[in-house]
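Engineer: I would like the atomic coordinates for the input below:
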Amino acid sequence: MKKSATRARDGVPFLDLSAHHRPLLGAFRRKVDKIFRSSEFILGRDVELFEQEFGAFLKVGHAVGVSNGTDALRLACEAIDLRPGDEVLVPANTYVATALGVTHAGGTPKFVDVTPDTFTMDPSRVEEAITPRTRALIPVHLFGHPADLGPLLEIARRRSLKVIEDTAQAHGATWEGRPVGGIADLGCFSFYPSKNLGALGDGGLVATNDPALAERLRMLRHMGQRRKYVHEIIGYNNRLDNLQAALLRIKLPRLQKSNRQRQAAAKLYAKALAGTDAVLPSTRPGCSHVYHIYSIRHPRRDRVREALEKAGIGCGVYYPVPVPYQDCYRDLGHRKGDFPVTEQLAADSLALPMFPELTARQVERVAQVLRSV
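Structural biologist: Numbers count the residues shown, from 1 in each chain. Below is the predicted model of the structure:
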């Protein structure tokens with residue numbers, strides 16, 4: 001009993017959403033009561049206001065709330081009129097949703113390896129991956145760090161390709177002083193509860209400065225209609241719930257503070273883990289990192305993971321099986337060795353606890369166990 005009690009006291013959760021939401025419970029309850037009284041559940045006033053507020057946060061002209069992040073990617077691909085046989089370049093090191101968005105829209109994901117420092121799409125690998133069937137590329141702002149947008153946007157401009165930013169993990173991150181997700185043709189967001197800006201359920205959004213794309217997105221998410229019962233295109237039921245939009249409106253003004261808390265925790269990790277064999281996350285000049293995930297690299301990753309789990313410390317591998325090697329994409333014919341950096345990351349990367357309320361004591365406890373290995 002004594003040993004298990006010690007472990008519980010010294011353990012550190014990978015993510016603590018209850019600590020994050022506790023100060024907001026009163027505001028959440030008042031908002032829920034108000035929506036229940038109004039019975040405004042579908043595409044209500046809070047969706048409209050959240051779209052305006054998040055659009056202003058991103059400095060874009062249009063923000064379209066949708067059902068989740070995967071649907072945001074699919075609808076973005078459909079908005080640019082992706083057709084069967086069209087290829088879209090996506091990083092090999094990403095969550096499967098990036099590729100699924102392309103597949104669900106009828107296209108084919110074409111995987112590109114990543115850089116070993118920020119784990120994002122390697123611009124030097126993009127040109128060789130482009131074929132006459134390539135229509136777009138989807139750089140992923142992975143773990144909260146912006147992709148290397150400068151050369152990627154230049155390649156896209158030169159080759160007449162669309163760029164869709166996958167910003168599911170980088171709410172509030174900036175590239176050259178501009179919020180990511182509002183820089184390219186389209187930016188896709190997920191509001192899954194664990195995200196830097198998370199709902200209390202599923203939710204997503206697509207941002208753009210193109211009014212024609214925005215209008216098409218609004219029709220696609222809502223049965224292909226602009227006016228009730230007048231269906232101009234084949235659309236879907238992919239609307240953002242009014243209740244989730246209302247709760248996101250409460251959390252949005254606190255996002256920047258939460259990101260600063262994550263950045264402060266990352267600095268504590270950097271100090272506590274200095275001198276160990278861990279390779280820590282890096283930040284490119286001109287970028288801000290918002291640490292959705294704090295992922296290190298370690299030559300004895302599995303030993304470190306075992307020690308942390310034994311000590312009651314949450315950790316995880318992002319991502320243990322690269323998307324090109326998943327069974328669902330076996331038909332693309334990729335083989336081991338096609339994406340060497342991504343494969344190495346799958347073998348030696350480890351995500352440590354990271355959330356805004358992470359304390360200095362908890363960071364030190366994580367570092368203490370890691371140093372023991």
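Engineer: Quick one: residues contacting residue 76.
Structural biologist: Counting by Cβ atoms under 8 Å, 6 or more residues apart in numbering, residue 76 touches 101, 164, 186, 188, 206, 217. Using the backbone N, CA and C atoms, a C-beta is placed for each residue, glycine as well.
Engineer: again with residue 188
Structural biologist: Contacts of residue 188 (Cβ under 8 Å, 6+ apart): 69, 72-73, 76, 101, 164-168, 181, 204-207.
Engineer: returning to that earlier point: scan the contacts of residue 76 and report the most crowded one.
Structural biologist: Neighbour counts for these peak at residue 186, which has 32 neighbours (criterion: other Cβ atoms under 10 Å).
Engineer: ok, what's across the strand from that one?
Structural biologist: In this entry, residue 186 is beta-bridged to residue 164, by DSSP bridges.
Engineer: Please report the distance of the nearest residue in space to residue 118 that is not next to it in sequence from residue 355.
Structural biologist: Excluding its sequence neighbours, the residue lying closest to residue 118 (Cβ to Cβ, 6 or more residues apart in numbering) is residue 145, at 4.8 Å. Using Cβ to Cβ, to the nearest Å, we find residue 145 at a distance of 17 Å from residue 355.
Engineer: These two - which one has more neighbours?
Structural biologist: residue 145 (29 against 22).
Engineer: and that one, what are its phi and psi?
Structural biologist: When read as degrees, to the nearest 10, the backbone of residue 145 gives phi -100, psi 130.
Engineer: was I right about residue 195 contacting residue 170?
Structural biologist: No: contact between residue 195 and residue 170 fails when scored by Cβ atoms under 8 Å: they sit 9.2 Å apart.
Engineer: and for these two, which residues touch both?
Structural biologist: With Cβ under 8 Å, 6+ apart, residue 195 and residue 170 have common neighbours residue 292.
Engineer: more crowded one of these two?
Structural biologist: Shown here are residue 195 and residue 170; by other Cβ under 10 Å, residue 170 has more neighbours (32 against 19).
Engineer: Quick check: nearest residue in space to the more buried one, chain neighbours excluded?
Structural biologist: residue 141 (3.5 Å).
Engineer: list the contacts for the one you found?
Structural biologist: Taking Cβ under 8 Å, 6+ apart, one finds 120, 147, 165-167, 169-170, 173, 180-181 in contact with residue 141.
Engineer: Can you give me the pLDDT of it?
Structural biologist: pLDDT recorded at residue 141 is 98.
Engineer: quick one, phi/psi of it?
Structural biologist: phi -80, psi 80.
Engineer: again with residue 250
Structural biologist: Per degrees, to the nearest 10, the backbone of residue 250 is at phi -70, psi -40.
Engineer: Quick check: it touching residue 28?
Structural biologist: Yes: between residue 250 and residue 28 there is a contact under Cβ under 8 Å: 6.6 Å.
Engineer: Relative to residue 10, which of the contacts of residue 188 is nearest.
Structural biologist: For the contacts of residue 188, the minimum distance to residue 10 (Cβ to Cβ) is 32.3 Å, reached by residue 168.
Engineer: On the strand side of things, show who the nearest residue to that closest one once chain neighbours are set aside bridges to.
Structural biologist: Excluding the flanking residues, the one nearest residue 168 by Cβ to Cβ, 6+ apart is residue 190, at 3.8 Å. Beta-bridge partners recorded for residue 190 (DSSP bridges): residue 204.
Engineer: In contact with residue 184: list those residues for me.
Structural biologist: Counting by Cβ under 8 Å, 6+ apart, residue 184 has contacts 139, 149, 153, 156, 162-165.
Engineer: Quickly note the distance from the residue nearest to residue 168 to residue 44.
Structural biologist: When residue 190 is compared with residue 44 (using Cβ to Cβ), they lie 21 Å apart.
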